[in-house]
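**Student:** Give me a 3D structure for the following:
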Amino acid sequence: IREVEQSMALIEQIIARLRLGLDPVEEMIHHPRNVLSNDTLVMTEHAEEWRFPTGEVQYLDVVVTPLLDDAGAALGVGVTFVDVTRFFTLEQEVSQAKEEIQTANEELETSKEELQSVNEELVTVNAELQAKIEQLAGMQNDMKNLLDSTEIVTIFLDGELRVRRFTSGANKIFKLIPGD
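**Tutor:** Below is the predicted model of the structure:
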């Protein structure tokens, strides 16, 4: 009953607006949807988009039902208008949000692929650096063993003449300690 009252109020409001010419419909777009039928009764349902010169857009579900007497003779037609503007607007917002999420997801996938590529490059560079470190450590160990086995007193200095390394015999001549 309440839906009928709301539909009637909406119909009366629209008819009044159209009759008075306050907000005549500038454009009406008809979207057929369903035709329901049994042997004697045919009911149609469609959506309408009404655009007013004010910029207002109203979406209506319209149901047309034949009115029959007890004998099944047609008395007229019942037309029901249901304002679905709010639901249509929400549906559009959800669709837009889905598109934005899809776009963000695609961007994240691209970023993920780029990061995986960079990670692979870093793994390769890291392996190369690790191999060089191992090579240098081996060379340093070989050099230490060579210097220790020759028993030649040797002191290694940096550019500012600070002691960097010395062999075991050097501390007997120069009074060096391992901290030097």
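**Student:** Toward the C-terminus, what is the element adjacent to whichever helix in the chain runs longest?
**Tutor:** Using DSSP state H to assign secondary structure, the helix with the most residues in the chain is helix 85-150. On the C-terminal side of helix 85-150, the closest following helix or strand by DSSP states H and E is strand 155-157.
**Student:** I would like the residues contacting that following strand, please.
**Tutor:** With contact meaning Cβ atoms under 8 Å, 6 or more residues apart in numbering, strand 155-157 is reached by 163-167, 170, 174, 176. Glycine gets a C-beta too; all of them are placed from N, C-alpha and C.
**Student:** just to revisit the earlier point, helices or strands next to the longest helix of the chain in the packing?
**Tutor:** strand 57-68 (3 or more Cβ pairs under 8 Å, 6 or more residues apart in numbering; DSSP states H and E).
**Student:** Would you mark the buried spots in the strand it packs on?
**Tutor:** 58-63, 65 (16 or more other Cβ atoms under 10 Å).
**Student:** Nearest to residue 92 among the residues you listed?
**Tutor:** residue 59 (10.0 Å; Cβ to Cβ).
**Student:** which non-adjacent residue is nearest the closest one?
**Tutor:** Once flanking residues are discounted, residue 59 sits nearest to residue 88: 4.2 Å by Cβ to Cβ, 6 or more residues apart in numbering.
**Student:** Please work out which residues outside stretch 163-177 touch it.
**Tutor:** Contacts for stretch 163-177 (Cβ under 8 Å, 6+ apart): 147-148, 151-158, 180.
**Student:** Buried residues, that stretch. List them.
**Tutor:** Those would be 166-167, 170, for stretch 163-177 by 16+ other Cβ under 10 Å.
**Student:** Check stretch 70-79 too.
**Tutor:** Buried, per 16+ other Cβ under 10 Å, within stretch 70-79: nothing.
**Student:** If you tally nearby residues, what's the number for the residue nearest to residue 59?
**Tutor:** 17 (other Cβ atoms under 10 Å).
**Student:** ok, it touching residue 60?
**Tutor:** No: if you go by Cβ atoms under 8 Å, residue 88 and residue 60 don't touch, sitting 9.6 Å apart.
**Student:** How confident is the prediction for residue 146, by pLDDT?
**Tutor:** Looking at residue 146, its pLDDT reads 83.
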